[in-house]
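# Provided below are the primary sequence and the corresponding predicted coordinates.
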Amino acid sequence: MVWQLLSILTLCFTSLSWGLIPEVHTQEELSKLYLKSPGDVSKVTAQAISDFYQGLKSFTKVEADQRTPENTLKAWDRLSWNLINYFEYFLGLSMVEPKEDLREAYSNAYQKLHGIYVKTLADLPEIYTSLKQLESRMMHGHLLLNAEDRYYLKDLLSNFELEGMHLSSEKREKLKAIKLEMISLQEAFEKNIRKDTSHIFACENQLKGVPSQVVDNLKKNGKNQFVLACDYPTYFAVMRQCENEDIRQSLYRAFSNRAYPENISILHQLLAKRDNMAKLLGFPSYAHMELSTQMAKSPETVQNFLAKLKKSSGHYQKDELEKYLQSVGSEFRLNESGKLNPWDISYIQEKYLKKTLQLDQEKIREYFPFDSTVNGLISVYERFFNLKIDREKTNGLWSEEVITLKITDNKSKKLLGYLMLDLFPRANKYSHACHVTIVPGIEKQDQSYIPTVSLVIANFSKPTSNKPSLLSHMQAKTFFHEFGHAIHAMLGKTKYFGTSGTNTKVDFVELPSQILEEWLWDKDILKMVSSHYQTKKSLPDDMIESLLTSRSLSSASFIAQQCFLSRLSLDYHLEGELKDTTKLYENIRNEMDLIASHDPKTHYQASFGHLREYASRYYGYLWSRVFAADLFEKIKRKGLLNSEIGTLYRKKVLSHGGGKDPSEMLRDFLGRDPNQRAFFQIMQIGQN
């Protein structure tokens, strides 16, 4: 996502309609994408703005009867994405940059460029008119557009109408003001989460049960107490294994109050602005507006989808609760709400798995040392997708911990791109896991590629003085998931930047990542990927069987949690400018979660980062998981390392990026309409 760097970076460039696109073919060129000072960021930002405005002049001069896909559709794609990729690139680097001044420079540049894009769409309805002129020429038979062109044109026009480009100048001005405020609020919301330092203190005797690998990485305060921060490795280890309930409760509340109270006010303002925007565009709510261009089409469709899942999994949740209570005996009791305390759930589940399946997650972790897990993942992806993935060293990036992978197509020998991995926690780094496209790859007219550059961010357990980094099964799945996004970005080489890679419907974009999680629920793949950090032996059969069995024991809880978060993000964006987000959270939690009670001393919505970008569309995780299960069933019948079915999946699904209707892609691959049967079978839950 880095454009127009000619005056700053020594890269190889290919000249296109407007702007100069960096093509990264070597490690040296890759390292130069990282801007090392606020001054460099300012120069690049200024150059991007200058080139964008210069390109606009040429774009709007084309006469209506001269509009073609080349001088309109492709031209706007190049021009707009030269700017869009800049502000997305800056946003991505702000998530990992250790230096405060440079991190702030990235953040400010993101807001500035994003603001310019919003202002341009509001101030220049001629852009929308230009595309309508192209559509008119096509409709009247003056031009023939291929399927990819028609789909992209239709998608762009729909998105422009959601930007209000068809409205009067007065309404566009109002909409512009709202959107600029939204950009500022969204960035503040994310920044508060990222800079949050919530923590608690604990003495050594209060950490009984917490793995030594976690304890050894903890810092201490002046009173020789351990500092328990809210990074994922620390939080999940304490919640699952710390025997001290007071510590679990305290850390749960610290984690669930990150960015509180400042983000509550910001969230309320953001929801009000989003509702104002939707009303101005003629929609009942922001959810109606946002979902109108997604696979689901409407909030009502999503509500029905979630209601069916809740109904199907509801009594299984009650069965899970009963099993947990029987397993732990009198140690835990239901609270006054008839449920378990939320800080006890993970701990009880861990005890239950140990007692019923003799499944010790810490023992399993020993079979997933970081380096061999990475190598195992690479081997799986190489064989299934017919790729060559080389691990290389890149100097001069923001952290020495960053790993670089060079990805090449095994058949054509074409370079697909580079993937950077930033996988361990540090201060001021994005605390979740995600994938960011730095330079989107496309296929050029001569069928050569602009290589993709991607970044995967995660926060895995750090190595200690006597042990390598050991991943839990969940962390290994997370790695497969985020790597799946990167593969989508590498293989989705369309001819337009706007449809390349992961630039697809939000309720489809998680399918290529979630489907690859399923590889880590397969016995043969687990054998292949695992390697004990001392003995080098693969996971034993009995541990694999216990691990596979454990999935169905908590599948209802998993569905309930995903339904809860989906409903929360949806309901926050239904009709109404003013919402009590805390009360809504409590009501939905109590309705959807039949096992854990709501803790009124928490405000999780303040750190629910998906509200920033996904807004009402968090349901997309469950929605796409259902489809992913359907596709996976077909793939598994052919073989999870079978490059023939992998090639078919590449051709029918991944290669199209976002340049084709997702429903068509699914039908093309499956040979039929998708259904939910495989999902319920994997989850071992009956379909009502």
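Received the coordinates, thanks.
# For Gln54, grab the count of nearby residues.
Using other Cβ atoms under 10 Å, Gln54 is surrounded by 13 other residues. Heads up, the C-betas are built off the backbone N, CA and C, glycines and all.
# What is the helix or strand harbouring it packed up against?
In this assignment (DSSP states H and E), Gln54 forms part of helix 38-59. In terms of contacts (3 or more Cβ pairs under 8 Å, 6 or more residues apart in numbering; DSSP states H and E), helix 38-59 is packed against helix 75-94, helix 100-123.
# show me where the stretch 301-450 of the chain has strands.
387-392, 403-409, 415-422, 434-439 (DSSP state E, counting those that start in this stretch).
# thought Asn428 was touching Lys99?
No: using Cβ atoms under 8 Å, Asn428 is not in contact with Lys99; the gap is 9.1 Å.
# The two: which has the busier surroundings?
Neighbours per residue, other Cβ under 10 Å: of Asn428 and Lys99, the larger number sits with Asn428, 18 against 14.
# re the thing from before, arrange the helices and strands packed on helix 38-59 in JSON lines, one row each, with mean neighbour count, distance to Pro463 and mean pLDDT as further columns.
Listed next are the helices and strands packed on helix 38-59 as JSON lines, based on neighbours: other Cβ atoms under 10 Å; distance: least, Cβ to Cβ, whole Å; pLDDT from 0 to 100:
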{"stretch": "helix 75-94", "mean neighbour count": "23", "distance to Pro463": "25", "mean pLDDT": "90"}
{"stretch": "helix 100-123", "mean neighbour count": "19", "distance to Pro463": "25", "mean pLDDT": "94"}
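# Out of those, the one nearest Lys355 is which?
Lys355 lies closest to helix 75-94 among the helices and strands packed on helix 38-59, at 43.6 Å (Cβ to Cβ).
# Dump the C-alpha coordinates for that closest one into PDB.
Taking C-alpha atoms only, helix 75-94 is exported to PDB below (Å, rounded to 0.1, in the frame of the first residue of the first chain):
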ATOM      1  CA  ALA A  75      -7.800   5.000 -14.400                       C
ATOM      2  CA  TRP A  76      -9.900   5.600 -11.300                       C
ATOM      3  CA  ASP A  77      -8.700   2.300  -9.800                       C
ATOM      4  CA  ARG A  78      -5.100   3.400 -10.200                       C
ATOM      5  CA  LEU A  79      -5.600   7.000  -9.100                       C
ATOM      6  CA  SER A  80      -7.800   6.200  -6.100                       C
ATOM      7  CA  TRP A  81      -5.700   3.300  -4.800                       C
ATOM      8  CA  ASN A  82      -2.500   5.300  -5.100                       C
ATOM      9  CA  LEU A  83      -4.100   7.300  -2.200                       C
ATOM     10  CA  ILE A  84      -6.100   4.600  -0.400                       C
ATOM     11  CA  ASN A  85      -3.100   2.300  -0.100                       C
ATOM     12  CA  TYR A  86      -1.100   5.100   1.400                       C
ATOM     13  CA  PHE A  87      -3.400   5.700   4.300                       C
ATOM     14  CA  GLU A  88      -4.000   2.000   4.800                       C
ATOM     15  CA  TYR A  89      -0.200   1.500   4.800                       C
ATOM     16  CA  PHE A  90       0.300   4.200   7.400                       C
ATOM     17  CA  LEU A  91      -2.400   2.700   9.500                       C
ATOM     18  CA  GLY A  92      -0.700  -0.700   9.400                       C
ATOM     19  CA  LEU A  93       2.700   0.600  10.300                       C
ATOM     20  CA  SER A  94       1.200   2.600  13.200                       C
END
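# Report all helices and strands that that helix contacts.
helix 38-59, helix 100-123, helix 126-139, strand 434-439.
# and that helix, how far from the chain's centre?
18 Å (Cα atoms, centre = their mean, to the nearest Å).
# Show me the contact partners of stretch 374-384.
387-389, 391, 403, 405, 410, 421, 479-480, 483, 487, 519, 525, 528-531, 640-643, 646 (Cβ atoms under 8 Å, 6 or more residues apart in numbering).
# and Leu594, which of the helices and strands packed on helix 38-59 is closest to it?
Going by Cβ to Cβ, the one of the helices and strands packed on helix 38-59 nearest Leu594 is helix 75-94, 37.9 Å.
# Turn the strands of the stretch 301-450 of the chain into a markdown table, including mean pLDDT and distance to Gly659.
Shown next, in a markdown table, are the strands of the stretch 301-450 of the chain (pLDDT from 0 to 100; distance: least, Cβ to Cβ, whole Å):
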| stretch | mean pLDDT | distance to Gly659 |
| --- | --- | --- |
| strand 387-392 | 96 | 21 |
| strand 403-409 | 97 | 19 |
| strand 415-422 | 97 | 17 |
| strand 434-439 | 94 | 15 |
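# how about those strands, which one is nearest Pro233?
Between the strands of the stretch 301-450 of the chain, strand 415-422 lies closest to Pro233; by Cβ to Cβ that is 14.8 Å.
# Name every strand pairing with that closest one and say which way it goes.
Using DSSP bridges, strand 415-422 pairs in its sheet with strand 403-409 (antiparallel), strand 452-457 (parallel).
# tilt between it and strand 387-392?
With axes from the mean of the first three to the mean of the last three Cα atoms, to 10 degrees defining the directions, strand 415-422 sits at 50 degrees from strand 387-392.
# So which bits of strand 415-422 are buried?
Neighbour counts using 16 or more other Cβ atoms under 10 Å place Leu415, Leu416, Gly417, Tyr418, Leu419, Met420, Leu421, Asp422 of strand 415-422 among the buried residues.
# do stretch 212-225 as well
Applying 16+ other Cβ under 10 Å to stretch 212-225 flags Gln213, Val214, Val215, Asn217, Leu218, Gln225 as buried.
# Equivalent analysis for stretch 605-618, please.
Gln605, Ala606, Ser607, Phe608, Gly609, Leu611, Arg612, Tyr614, Ala615, Ser616, Arg617, Tyr618.
# got the strands of the stretch 301-450 of the chain as TSV, with distance to Trp623 columns?
Below are these laid out as TSV (distance: least, Cβ to Cβ, whole Å):
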stretch	distance to Trp623
strand 387-392	28
strand 403-409	28
strand 415-422	26
strand 434-439	19
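# between those, which one is nearest to Lys119?
strand 434-439 (24.2 Å).
# Give me the residues contacting the closest one.
1-2, 22, 24, 33, 85, 88-89, 91-92, 95, 417, 420, 450-457, 482, 485-486, 489, 501-502, 513.
# can you pull the buried residues of the helix with the most length in the chain?
When the chain is parsed with DSSP state H, its longest helix is helix 299-328. For helix 299-328, the neighbour count (16+ other Cβ under 10 Å) marks 299, 302-303, 305-306, 309-310, 312-314, 316-317, 320-321, 324-325, 327-328 as buried.
# Tell me the bridge partners for the residue most central in space within the chain.
The centre of the chain sits closest to Cys434, judged by Cα atoms, centre = their mean, with a distance of 4.7 Å. Beta bridges link Cys434 to Ile457 when assigned by DSSP bridges.
# quick revisit: angle of the helix holding Gln54 against helix 75-94?
Using the same axes, to 10 degrees, helix 38-59 lies at 170 degrees relative to helix 75-94.
# which of the residues in helix 38-59 are buried?
So helix 38-59, judged by 16+ other Cβ under 10 Å, has buried residues 38, 40-41, 44-45, 47-49, 51-52, 55-56, 59.
# mind putting the residues you listed in JSON lines, distance to Glu443 and pLDDT included?
JSON lines is the format used below for the buried residues of helix 38-59 (distance: Cβ to Cβ, whole Å; pLDDT from 0 to 100):
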{"residue": "Pro38", "distance to Glu443": "35", "pLDDT": "97"}
{"residue": "Asp40", "distance to Glu443": "30", "pLDDT": "94"}
{"residue": "Val41", "distance to Glu443": "30", "pLDDT": "94"}
{"residue": "Val44", "distance to Glu443": "26", "pLDDT": "91"}
{"residue": "Thr45", "distance to Glu443": "29", "pLDDT": "93"}
{"residue": "Gln47", "distance to Glu443": "26", "pLDDT": "90"}
{"residue": "Ala48", "distance to Glu443": "24", "pLDDT": "90"}
{"residue": "Ile49", "distance to Glu443": "28", "pLDDT": "93"}
{"residue": "Asp51", "distance to Glu443": "23", "pLDDT": "90"}
{"residue": "Phe52", "distance to Glu443": "24", "pLDDT": "93"}
{"residue": "Gly55", "distance to Glu443": "22", "pLDDT": "92"}
{"residue": "Leu56", "distance to Glu443": "26", "pLDDT": "93"}
{"residue": "Phe59", "distance to Glu443": "23", "pLDDT": "94"}
